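> This is the structure alone, sequence omitted:
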(Lines give C-alpha, C1' and ligand atoms only; values in the text may rest on other atoms or scores of the structure.)
Protein backbone atom coordinates (compact mmCIF):
# COMPACT_ATOMS: atom_id res chain seq x y z
CA UNK A 1 0.00 0.00 0.00
CA UNK A 2 1.34 3.43 -0.95
CA UNK A 3 2.01 5.97 1.76
CA UNK A 4 -0.39 8.91 1.83
CA UNK A 5 1.06 12.13 0.42
CA UNK A 6 1.20 15.15 2.70
CA UNK A 7 1.69 18.70 1.52
CA UNK A 8 2.65 21.79 3.49
CA UNK A 9 0.41 24.83 3.70
CA UNK A 10 3.00 26.80 1.75
CA UNK A 11 3.00 24.22 -1.05
CA UNK A 12 -0.80 24.35 -1.28
CA UNK A 13 -0.86 28.15 -1.36
CA UNK A 14 1.82 28.22 -4.05
CA UNK A 15 -0.03 25.61 -6.12
CA UNK A 16 -3.23 27.69 -5.95
CA UNK A 17 -1.28 30.81 -6.94
CA UNK A 18 0.23 28.99 -9.93
CA UNK A 19 -3.19 27.80 -11.06
CA UNK A 20 -4.56 31.33 -10.91
CA UNK A 21 -1.59 33.05 -12.54
CA UNK A 22 0.12 30.53 -14.83
CA UNK A 23 -0.54 30.16 -18.53
CA UNK A 24 -0.71 26.39 -18.09
CA UNK A 25 -3.63 24.04 -17.68
CA UNK A 26 -4.43 22.48 -14.33
CA UNK A 27 -3.56 19.09 -15.78
CA UNK A 28 -0.14 20.33 -16.84
CA UNK A 29 0.55 21.87 -13.43
CA UNK A 30 -0.64 18.70 -11.70
CA UNK A 31 1.91 16.65 -13.63
CA UNK A 32 4.70 19.13 -12.89
CA UNK A 33 3.87 19.31 -9.17
CA UNK A 34 3.24 15.59 -8.78
CA UNK A 35 -0.25 16.18 -7.38
CA UNK A 36 -3.50 14.63 -8.59
CA UNK A 37 -5.50 17.12 -10.65
CA UNK A 38 -8.65 16.69 -8.54
CA UNK A 39 -6.67 17.59 -5.41
CA UNK A 40 -5.60 20.88 -7.03
CA UNK A 41 -9.24 21.70 -7.78
CA UNK A 42 -10.07 20.96 -4.12
CA UNK A 43 -7.33 23.30 -2.91
CA UNK A 44 -8.61 26.08 -5.19
CA UNK A 45 -12.16 25.57 -3.87
CA UNK A 46 -10.89 25.62 -0.27
CA UNK A 47 -8.93 28.82 -0.93
CA UNK A 48 -11.97 30.50 -2.48
CA UNK A 49 -14.25 29.40 0.34
CA UNK A 50 -11.94 30.04 3.31
CA UNK A 51 -9.71 32.80 1.98
CA UNK A 52 -6.61 33.54 4.05
CA UNK A 53 -7.52 30.94 6.65
CA UNK A 54 -7.33 28.09 4.13
CA UNK A 55 -4.54 25.63 4.81
CA UNK A 56 -3.88 27.19 8.21
CA UNK A 57 -3.71 24.03 10.28
CA UNK A 58 -2.98 20.40 9.80
CA UNK A 59 -5.95 18.11 9.50
CA UNK A 60 -5.80 14.66 10.97
CA UNK A 61 -6.69 12.07 8.37
CA UNK A 62 -7.07 8.34 8.44
CA UNK A 63 -5.23 5.98 6.15
CA UNK A 64 -8.27 5.46 3.92
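Cool, the structure landed. Note that the structure is predicted; figures quoted are calculated from it, not measured.
> going forward, measure contacts and count neighbours with C-alpha atoms only.
OK.
> how about the helices in this structure?
Ranges of helices within the chain are 9-21, 26-33, 37-50, based on DSSP state H.
> Relative to residue 56, which of those is closest?
Ranking the helices of the chain by proximity to residue 56 (Cα to Cα) places helix 9-21 first, at 6.7 Å.
> How far off centre is that closest one?
Helix 9-21 sits 7 Å away from the centroid of its parent chain (Cα atoms, centre = their mean, to the nearest Å).
> Make residue 1 into 55 and carry on from there
Shifting the count to begin at 55 puts that one at helix 63-75.
> Mean pLDDT, distance to residue 110 and mean neighbour count for the helices of the chain - can I get that in CSV?
CSV is the format used below for these (pLDDT from 0 to 100; distance: least, Cα to Cα, whole Å; neighbours: other Cα atoms under 10 Å):
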stretch, mean pLDDT, distance to residue 110, mean neighbour count
helix 63-75, 95, 7, 15
helix 80-87, 96, 21, 15
helix 91-104, 95, 10, 15
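> Would you format these as JSON lines with distance to residue 56 included?
Output for the helices of the chain, formatted as JSON lines (distance: least, Cα to Cα, whole Å):
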{"stretch": "helix 63-75", "distance to residue 56": "21"}
{"stretch": "helix 80-87", "distance to residue 56": "18"}
{"stretch": "helix 91-104", "distance to residue 56": "17"}
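> Name the nearest residue to residue 73, ignoring sequence neighbours.
Excluding its sequence neighbours, the residue lying closest to residue 73 (Cα to Cα, 6 or more residues apart in numbering) is residue 80, at 6.4 Å.
> closest one to residue 55 among the helices of the chain?
helix 91-104 (19.6 Å).
> Go ahead and name everything in contact with that closest one.
66, 69-70, 80-81, 84-85, 107-109 (Cα atoms under 8 Å, 6 or more residues apart in numbering).
> now the angle from that helix to helix 63-75?
90 degrees (axes from the mean of the first three to the mean of the last three Cα atoms, to 10 degrees).
> Helix 91-104: how far from the chain's middle?
On Cα atoms, centre = their mean, the centre of helix 91-104 falls 6 Å from that of its chain.
> now swap in stretch 72-79 and tell me
Offset of stretch 72-79 from its chain centre (Cα atoms, centre = their mean): 13 Å.
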